[in-house]
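Undergrad: 3D, please:
(one chain, ligands or ions: 2)
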Amino acid sequence: MENRIAETLKILTEEDKVACETVRISENEPAFNKKLLFIESYGCQMNFADSEIVASVMREAGFATTSDVDNADLIFLNTCAIRDNAEQRVRTRLRQLNVIKKKKPGTLIGVLGCMAERLKAKLLEEEKMVDIVTGPDAYRDLPRLVEEAETGQKGVNVFLSREETYADISPIRLNSNGVTALVSIMRGCDNMCSFCVVPMTRGRERSRDPFSIVKEAQDLFNDGYKEVTLLGQNVDSYKWQAPNSVTAISTNVDNGTLETQVNFAQLLEMVAQISPELRVRFSTSHPKDITDEVLHTIKKYDNICKYIHLPAQHGNSRVLEMMNRTYNREWYLERIDSIRRILGDECAISHDMIAGFCSETEEEHQDSLSLLEYVRFDFGYMFAYSERPGTLAAKKYADDIPADIKQRRLAEIIDIQQRISLERNQKLIGTVQKVLVENTSKRSVNDFTGRSDQNKRVIFPRENFKVGDYVDVLITDTTAATLRGYAVEKVPVS
Ligand code: SAM
Ligand code: SF4
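TA: Ligands and ions are numbered 1, 2, ... in the order given. Purely as a prediction, here's the structure:
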């Protein structure tokens, strides 16, 4: 049974908020003679990247994006289905949008993404104001679905593909600071974590061809971008096989190595070689797949950020087995030890953790807490278990931890992580961090905000720097979420 507990995600850092709480809306484009498209995106970075593909597809169909929902001809909600509260937010939003539709009956509303895929045509029955339902692999079909909806015919396309990677589509950057960009390297997921709806909503795993990835990153760099984040549900299982027509490709400019297959370590290297001035990040790593080869590649390139998001999900081996994560506590800790051995304590590590999974005992919960103490993560994304219909866990196990106990266990996890995040950040006081300037600080126009190599938010006086500069910042103060300091010298990039 769907457990509608209030999942009060006491999110730790600004980064967490960006990942889980922020809703991104499209921006105004020049719109002469064009219809207006408003896109609101929920959930993970993958969804934000997908909205940029959607904007590109719709531009070809004569739409320009707008940030003004009241004036839009077409409204898309790009949705998340990972937890029940994500879906409830979308339903609430749809009711608000219905008011706009009543005032302006010609306005069309489309629900895209994971919630669309999960509920399919049922969504049209449940939410009468919706005109279009489109799953993550059907975005090329949007212009046709919109055209049909304009004639009053509601449209659904939730076909999941084994090939679609949108490799040939140049995303239109939305909410861009002109400095950092998301680049999808694969789609779908072949793991069957028992709690997770993603394999059902995003289909089978497929890797995008490496040339199109490198070209996209190179184009971004040529346009002034300084950081790309390579995205996939499990980037370590990235694997591209050259088609028969391509006998071998070079993955390494230094020694001209020729390969017919490209794995994630090689892809990372190819992107890192674009320029030492282009920072490379990636997410998400999977503990069962992250190899020492990847860790050595990170070490080899200064511009591959020393930061790894390695979701643990739990600290107890029995629960991990029920979660079908295919590793146990010892395996996870061995991977952590390898990161520390190869990349040192300076490499930041973050995690995802789920509290109150089916049948979790108090002792097993304690194992999650002790894992946090052992690893000393820099930050984490922490959630109360939310049963998702159709998942293995929903079919096999009772969602039997009462809501108040889930919340208490979650709060304990968050408290420990808060303390450790603060302690990890305090160790950086007195050090100099290389910060890529991203934006003016929300709190003061006199400050800039950017991120360190280790993905920590850093705020410092703007002086004469500009967005896109690398700045050496001496850290003088910190909270669990944000470092503060002042510029000591501009970092020369060798
Ligand atoms: N692919 C990533 C991985 O394997 O770690 C995770 C992607 S998922 C979009 C992000 C996070 O949401 C997961 O790591 C997990 O912690 C959390 N999550 C997924 N399903 C959940 C559920 N049913 N209840 C609570 N949290 C969930
Ligand atoms: Fe979900 Fe597991 Fe795939 Fe991550 S690896 S998307 S948690 S099934």
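Undergrad: SS state for Glu147?
TA: Counting by DSSP: H, G, I helix; E, B strand; the rest coil, the backbone at Glu147 sits in helix.
Undergrad: Kindly give the local confidence score, pLDDT, for it.
TA: Note on Glu147: pLDDT of 96.
Undergrad: same check, this time on Pro30
TA: Per-residue pLDDT puts Pro30 at 73.
Undergrad: ditto for the one 4 residues further on
TA: As summarised for this prediction, Lys34 has a pLDDT of 88.
Undergrad: residue contacts, the closest residue in space to it that isn't next to it in sequence?
TA: Nearest residue to Lys34, sequence neighbours excluded (CB to CB, 6 or more residues apart in numbering): Ala64, at 4.2 Å. From N, CA and C alone the C-beta is placed, and that goes for glycine too. Contact analysis of Ala64 by CB atoms under 8 Å, 6 or more residues apart in numbering lists Glu29, Pro30, Ala31, Lys34, Lys35, Leu36, Leu37.
Undergrad: repeat that for 7 Å
TA: With contact taken as CB atoms under 7 Å, 6 or more residues apart in numbering, Ala64 is in contact with Glu29, Pro30, Ala31, Lys34, Leu36, Leu37.
Undergrad: got it, and Leu174?
TA: Arg24, Ser26, Glu27, Ser51, Glu52, Ala55, Thr65 are the contacts of Leu174 under CB under 7 Å, 6+ apart.
Undergrad: Out of the contacts of Ala64, which two sit at the greatest distance?
TA: Largest separation among the contacts of Ala64 by CB to CB: Pro30 and Leu37, giving 13.3 Å.
Undergrad: which of those two has more neighbours?
TA: Using other CB atoms under 10 Å, the more surrounded residue of Pro30 and Leu37 is Leu37, with 27 against 6.
Undergrad: Need the three-state assignment for the more buried one.
TA: Going by three-state DSSP: Leu37 is strand.
Undergrad: so how far is Gly224 from it?
TA: 25 Å (CB to CB, to the nearest Å).
Undergrad: cool, and Asn263?
TA: Applying CB to CB to Asn263 and Gly224 gives a distance of 30 Å.
Undergrad: The two: who's more crowded?
TA: The neighbour comparison of Asn263 against Gly224 (other CB under 10 Å) goes to Asn263, with 20 against 10.
Undergrad: for the lengthiest helix in the chain, the distance to its chain's centre please.
TA: Longest helix in the chain, counting residues (DSSP state H): helix 403-426. Counting by CA atoms, centre = their mean, to the nearest Å, helix 403-426 is centred 22 Å from the centre of its parent chain.
Undergrad: Give me the mean pLDDT for that helix.
TA: In this model, helix 403-426 carries a mean pLDDT of 98.
Undergrad: What distance do you get for the residue nearest the centre of the chain to ligand 1?
TA: Central residue of the chain (CA atoms, centre = their mean): Gln45, 2.9 Å from the mean position. For Gln45, the distance to ligand 1 equals 9 Å [CB to the nearest ligand atom, to the nearest Å].
Undergrad: Please tell me how far the residue sitting furthest away from the middle of the chain sits from ligand 1.
TA: Ranked by distance from the centre of the chain (CA atoms, centre = their mean), the top residue is Thr151, with 35.8 Å. Distance, Thr151 to ligand 1, by CB to the nearest ligand atom: 36 Å.
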